[in-house]
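>>> Just the structure for this:
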Amino acid sequence: MPEDDAARPAAEPDAVAARAAAEEQSAFSHPPVDPDITAAYGDHPDQVIDFYAPRGGEESAPFVVVLHGGAWRAAYDRRHITPFADFLARRGFAVANVEYRRGGGGSGEGDDGSVAGRWPDTFDDVAAALDALPGLVREALPQADARRTVITGHSAGGHLALWAAARHLLPTDAPWRTERPAPLRGVVALAPIADFAVAEKLDVCAGAALQLLGGEGQFGERQPYADPALLLPTGIATTLVQGRTDVVVPQAVAEAYADAAAKAGEVVGLTLLEDVGHFPLIDPAADACAVVAEEIAQLGW
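Now for the predicted structure:
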């Protein structure tokens, strides 16, 4: 008997939600992988970087900097992305997994971890970590070839990766601004929260971008200092990898960033994966994760 067309709209959201839940469960099913060494870039407990040596014993390997996601909220730390960091190390990369301050605080909305990010602490930490990395990696991972550095990040970490590559475009009064572009081979942003205006329209991660910037009263004022879609063109090779069935950070957010880049005269790669949601991009058991590794390899090797 043909399926009742009237039933499809009700069934489809349930199927999408079930698949998204299964993808998330798979991504979080892997046990955390301890790093080879951890180094501090500041005094706060969250100001640390985990380093993973390339598993093939390479004497020189491309260097991948990983920024984890989790809507900039304290409940999600770097441990959930350690299987992905190890996956890259097993593919021959030297890897740095960066932690940074998240959760409440700095916005006047408490410090219980339910609030997204800290202003300005989250940005202070990412900038400080990237500035400290050249010195730290020389000691921690002598195999890492800093001349072949690629920065990647997932979800909120994808936002931070794009932002870190655009610090030379920040307003002149921004404390994180650099005088020249970062020495990167490129950026591979995975389902990034890349355009804050579109993210807010879609209520991505329950208003996380709005919370990150301190709420409605400060969103517009702080947006030029934090929104990657307003920090273009970077002059750095950039690829976005996005699942077409992502219900956490929808495809429209990545497309908005790519459109903004095009209007600024820059071509940004946008790899859209069919029947892929938010979490397979960092799930070593998923085919999408191999696609991500290949995108990184194309820039790093």
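
>>> Based on its surroundings, how many neighbours for the closest residue to Pro228 other than its chain neighbours?
For Pro228, ignoring the flanking residues on the chain, the nearest one in space by C-beta to C-beta, 6 or more residues apart in numbering is Leu162 at 3.8 Å. Every C-beta, even on glycine, is put in place using the N, C-alpha and C of the backbone. Using other C-beta atoms under 10 Å, Leu162 has 29 neighbouring residues.

>>> Please identify the helix or strand for Leu162.
Using DSSP states H and E, the element containing Leu162 is helix 156-164.

>>> quick one: that helix to chain centroid distance?
With C-alpha atoms, centre = their mean, to the nearest Å as the basis, helix 156-164 stands 5 Å off its chain's centre.

>>> who touches that helix?
Here helix 156-164 makes contact (C-beta atoms under 8 Å, 6 or more residues apart in numbering) with 65-72, 81, 100, 116-117, 122-123, 126-127, 130, 151-153, 182, 187-194, 205, 208, 226, 228, 231, 238, 240, 257.

>>> change it to 6 Å
Applying C-beta atoms under 6 Å, 6 or more residues apart in numbering, the contact partners of helix 156-164 are 67-69, 71-72, 126, 130, 151-153, 187, 189-190, 192-194, 228.

>>> show me where the stretch 1-150 of the chain has helices.
Using DSSP state H, counting those that start in this stretch, the helices of the stretch 1-150 of the chain run over 8-27, 82-90, 121-140.

>>> what separates the last one from the chain centre, distance-wise?
Between the mean C-alpha location of helix 121-140 and the chain-wide mean there is a distance of 16 Å, by C-alpha atoms, centre = their mean.

>>> And that helix, what's buried?
By neighbour count on 16 or more other C-beta atoms under 10 Å, the buried set for helix 121-140 is 121-130, 132-133, 136-137, 140.

>>> Identify, from those residues, the entry nearest to Phe51.
Closest to Phe51 out of those is Ala140 (4.3 Å), distances taken as C-beta to C-beta.

>>> Only the C-alpha atoms, please, for stretch 207-219, written as PDB.
Provided in PDB are the C-alpha atoms of stretch 207-219 (Å, rounded to 0.1, in the frame of the first residue of the first chain):
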ATOM      1  CA  GLY A 207      20.900  31.300  21.300                       C
ATOM      2  CA  ALA A 208      24.500  30.400  22.000                       C
ATOM      3  CA  ALA A 209      26.000  33.200  19.900                       C
ATOM      4  CA  LEU A 210      23.900  35.800  21.600                       C
ATOM      5  CA  GLN A 211      25.000  34.500  25.000                       C
ATOM      6  CA  LEU A 212      28.600  34.400  24.000                       C
ATOM      7  CA  LEU A 213      28.600  38.100  23.200                       C
ATOM      8  CA  GLY A 214      26.800  39.000  26.500                       C
ATOM      9  CA  GLY A 215      23.100  39.200  25.500                       C
ATOM     10  CA  GLU A 216      21.000  41.400  23.300                       C
ATOM     11  CA  GLY A 217      22.300  44.600  24.800                       C
ATOM     12  CA  GLN A 218      25.900  43.900  23.700                       C
ATOM     13  CA  PHE A 219      25.400  41.600  20.700                       C
END
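
>>> Would you mark the buried spots in that stretch?
Buried residues in stretch 207-219, defined by neighbour count with 16+ other C-beta under 10 Å: Gly207, Ala208, Ala209, Leu210, Gln211, Leu212, Leu213, Gly214, Gly215, Phe219.

>>> Now do the strands in the stretch 151-300 of the chain.
For the stretch 151-300 of the chain, applying DSSP state E, counting those that start in this stretch gives strands covering 186-190, 238-243, 269-273.
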